[in-house]
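**Student:** make a model of this:
(one chain, ligands or ions: 2)
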Amino acid sequence: MTGLTQRRREPGEEPRPDDPDREPPYLDLDRLEARAREVLAPPVYDYYAGGAETESSVQEAPQAWRSWRLRPRVLRATQADLATTLLGTPVGTPIGIAPWAYQGMAHPDGELATRRAAARVGALMTVSTSATHSVEEVAAAAPDAPAWFQLYRQHSPEHTADLARRAGAAGYRALVLTVDLPVLGRRRRDLRNDFALPAGLRMANHPAPDDRPALSANASTSWTFDDIARFAEISDLPVVVKGVLRGDDAVACARAGASAIWVSTHGGRQVDLVVPSAHALPEVVDAVRGEVAPDGSDVEVYVDGGVRAGSDALVALALGARAVFLGRPTAWGLAVGGADGVAAVLTGLSEELAHAMTLCGVATPHDATPDLVVRAGWLPR
Ligand SMILES: Cc1cc2nc3c(=O)[nH]c(=O)nc-3n(C[C@H](O)[C@H](O)[C@H](O)COP(=O)(O)O)c2cc1C
Ligand SMILES: CCCCC(=O)C(=O)O
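**Tutor:** Numbering: from 1, shown residues only. Ligands and ions are numbered 1, 2, ... in the order given. Below is the predicted model:
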């Protein structure tokens, strides 16, 4: 017992950092972020938390989900079951992990820990090109669990193609082409901090990592719609196009060979004042209705950005997303609790989603239909 020497905590008061009884607040994402901030070096925290220019879009993303309201169905004797499929692969929850870079800055095991957590809870992980472990190392951390690989352009086209090929060979189930980063966004915090990967960490998928590489985007200004079919062929994987916010672009991607469209603002890190995912999603869903993937199935739509509660996720499913992905909440989980922290965040939000579904009379993710939501008329649109 340490209590004898410690002042009793007042109700609602945060436990002190040295309080051994202090349970990580995995169910309170604001407090979890505050805890992560305590353990991360300030420039690392800024890199994870920050966004483009004034960060209005970072702040707006969670609020935008809350400009929708749910219309519960009653008397449906519902027991929610979260299981679904993504591009034909079964998953235990429609809440997955978005690709986020340099996870070794949050925890020594980095992407390996995140991958193990995803496998443990049956969630799908998307692994970033800008990882601190290689494509193959992350695959080997949980070889039987499904994962997708997110591709960024490398300096040499051969190296980019090689990464796509390696992702296919290592057992990833899809290639995610991130198309909202022709150049890196203007992130004022990173510019102020002169942010670079801390010494000792490597960009494991880059051919010749230098000791302390600056954050370089290897900007993909040269990619076009034709690259969708090209990378599908090179990797022999279905292609998901990530970072689409317009219906016309979504249709063009589908017709160019995409199997799925991922609606995203890149966490508000690229364009500030960008339309929030929560408002772009219905347009994209409407536009791709009837579009067919190369294997003959319907083109799927996913979404990320500011999803922080089970009811946010239910709104997304009702608006037509087949899956919802989390970025920063999993970063905070990894920083505070390693694999256990990531698993706790995923489990906590999945439980909230199941609860929201039961309360709204929705038995499965497929039963979340558009009639479940309405725009909150008294809020600005
Ligand atoms: C620290 C950080 C790094 C990111 N790195 C990548 C990346 O390497 N590739 C990518 O496609 N998206 C990347 N993203 C964007 C995420 O995949 C995702 O779109 C976004 O984080 C979702 O928003 P949320 O953080 O509000 O949940 C990154 C986001 C963050 C916060
Ligand atoms: C080169 C950029 C990699 C990480 C990234 O996508 C992000 O920081 O948002």
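**Student:** going forward, measure contacts and count neighbours with C-alpha atoms only.
**Tutor:** Noted.
**Student:** who touches the residue in the stretch 51-200 of the chain that ligand 1 sits nearest to in this structure?
**Tutor:** Nearest residue of the stretch 51-200 of the chain to ligand 1 (Cα to the nearest ligand atom) works out as Trp100 at 3.3 Å. For Trp100, the contacting residues are 127-128, 130-131, 327, taking Cα atoms under 8 Å, 6 or more residues apart in numbering as the criterion.
**Student:** which helix or which strand is home to Gly96?
**Tutor:** When secondary structure is defined using DSSP states H and E, the element that contains Gly96 is strand 95-97.
**Student:** that strand and ligand 1 in contact?
**Tutor:** No. Judged by Cα under 6 Å from any ligand atom, strand 95-97 and ligand 1 are separated, with a smallest distance of 8.0 Å.
**Student:** any idea how many residues pack against the residue lying closest to Thr364 once chain neighbours are set aside?
**Tutor:** Computed as Cα to Cα, 6 or more residues apart in numbering, the closest residue to Thr364 that is not its neighbour in sequence is Asp81, at 5.3 Å. A count of nearby residues for Asp81, using other Cα atoms under 10 Å, gives 16.
**Student:** hang on, isn't Asp81 packed against Leu353?
**Tutor:** No. The pair Asp81 and Leu353 does not pass the contact test of Cα atoms under 8 Å, sitting 9.9 Å apart.
**Student:** what's Val263 sitting at in phi/psi?
**Tutor:** Backbone torsions of Val263, given as degrees, to the nearest 10, read phi -80, psi 120.
**Student:** and it, how many neighbours?
**Tutor:** Using other Cα under 10 Å as the criterion, Val263 is surrounded by 28 other residues.
**Student:** pLDDT score assigned to it?
**Tutor:** Reading off the per-residue confidence, Val263 sits at a pLDDT of 99.
**Student:** do Asp18 as well
**Tutor:** According to the prediction, Asp18 has pLDDT 57.
**Student:** flag the shaky bits of the stretch 201-350 of the chain, pLDDT-wise.
**Tutor:** Flagging of the stretch 201-350 of the chain using pLDDT under 70 yields the residue ranges 207-220.
**Student:** so which residues of it form strands?
**Tutor:** Per DSSP state E, counting those that start in this stretch, the stretch 201-350 of the chain carries strands over the ranges 239-244, 260-263, 300-304, 323-326.
**Student:** which other helices and strands contact the longest one?
**Tutor:** So the one you mean is strand 239-244. For strand 239-244, the helices and strands in contact under the criterion 3 or more Cα pairs under 8 Å, 6 or more residues apart in numbering; DSSP states H and E are strand 175-178, helix 226-235, strand 260-263.
**Student:** got any ranges where the stretch 1-150 of the chain has weak pLDDT?
**Tutor:** For the stretch 1-150 of the chain, the ranges with pLDDT under 70 are 1-22.
**Student:** thinking again about what came up before, to Thr160, which of the helices and strands packed on strand 239-244 lies closest?
**Tutor:** Thr160 lies closest, by Cα to Cα, to one member of the helices and strands packed on strand 239-244: helix 226-235, at 9.4 Å.
**Student:** next, Trp148: phi, psi?
**Tutor:** phi -110, psi 160.
**Student:** how near is it to Ala169?
**Tutor:** With distances taken as Cα to Cα, to the nearest Å, Trp148 is found 12 Å from Ala169.
**Student:** tell me which of those two has more neighbours.
**Tutor:** For Trp148 and Ala169, the more surrounded residue by other Cα under 10 Å is Trp148, and the numbers stand at 26 against 15.
**Student:** quick one, what contacts that one?
**Tutor:** Contacts of Trp148 (Cα under 8 Å, 6+ apart): 124-127, 172-176.
**Student:** how does it look with 7 Å?
**Tutor:** With Cα atoms under 7 Å, 6 or more residues apart in numbering as the criterion, the residues that contact Trp148 are 125-127, 172-176.
**Student:** among the residues you listed, name the buried ones.
**Tutor:** Among the contacts of Trp148, those scoring as buried are 125-127, 172-176 (criterion: 16 or more other Cα atoms under 10 Å).
**Student:** so which of the residues you listed is the closest to Ala140?
**Tutor:** Relative to Ala140, the closest of the buried ones among the contacts of Trp148 is Tyr172; by Cα to Cα it sits at 10.7 Å.
**Student:** thought the closest one was touching Phe149?
**Tutor:** Yes. When contacts are counted by Cα atoms under 7 Å, Tyr172 is listed as touching Phe149 (6.2 Å).
**Student:** re the thing from before, ligand 2: which of the buried ones among the contacts of Trp148 is nearest?
**Tutor:** Among those, Val127 lies closest to ligand 2 (Cα to the nearest ligand atom), at 11.4 Å.
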